[in-house]
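K.L.:
make a model of this:
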Amino acid sequence: MIIFYEKPGCITNTRQKKLLMRAGFDVDARDMRTEDWGGNDLRSFFGDMAVVDWFNKASPKVKSGEVDPETIDETQAIKMMIEDPLLIRRPLLKTDLGRGCGFEADTLQRLGLSNVDADVGREGCSNNHAHPCPEPKEA
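P.N.:
Residues are numbered from 1 along each chain as shown. Coordinates of the predicted model:
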């Protein structure tokens, strides 16, 4: 079982989930915006990554320059991400082997997901338009 924290409606996250399911994994997708993040819990997904790499480069606040990940320390980053989860690089992944952030091959391998083609599920915004992905409709 993979717990997959995403932004529902994100085209890239949808592609990544499909890759995981096609590879035979059960995926429990969760909306990272509504998760009750604690600082230590959120921090555990980033391991030894540089703080700048914790940030979603496609976040509106990062793209506009309102948030500059190059100037933010670990404590500030966690606080900001709890307040605005769209700043968090996606997806966040949790498996029996650990936690990770992003969809690169080394992260997937460390989490026991090595039979997934990370190149096909590349990160970054798949929406080539000037506007962000639509908000998901309420159920």
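
K.L.:
who's in contact with the residue nearest in space to the middle of the chain?
P.N.:
Central residue of the chain (Cα atoms, centre = their mean): residue 90, 1.3 Å from the mean position. Residues in contact with residue 90 (Cβ atoms under 8 Å, 6 or more residues apart in numbering) are 5-7, 10, 12-13, 32, 56, 102, 123. C-betas here are computed from N, CA, C, even on glycine.

K.L.:
for residue 30, give me phi and psi.
P.N.:
Backbone geometry at residue 30, expressed as degrees, to the nearest 10, gives phi -130, psi 150.

K.L.:
count of neighbours near it?
P.N.:
16 (other Cβ atoms under 10 Å).

K.L.:
before we move on, the earlier item: and the residue nearest to the centre of the chain, that one's in a strand?
P.N.:
No - assessed with DSSP: H, G, I helix; E, B strand; the rest coil, residue 90 is coil; it does not lie in a strand.

K.L.:
retrieve the pLDDT associated with it.
P.N.:
pLDDT recorded at residue 90 is 97.
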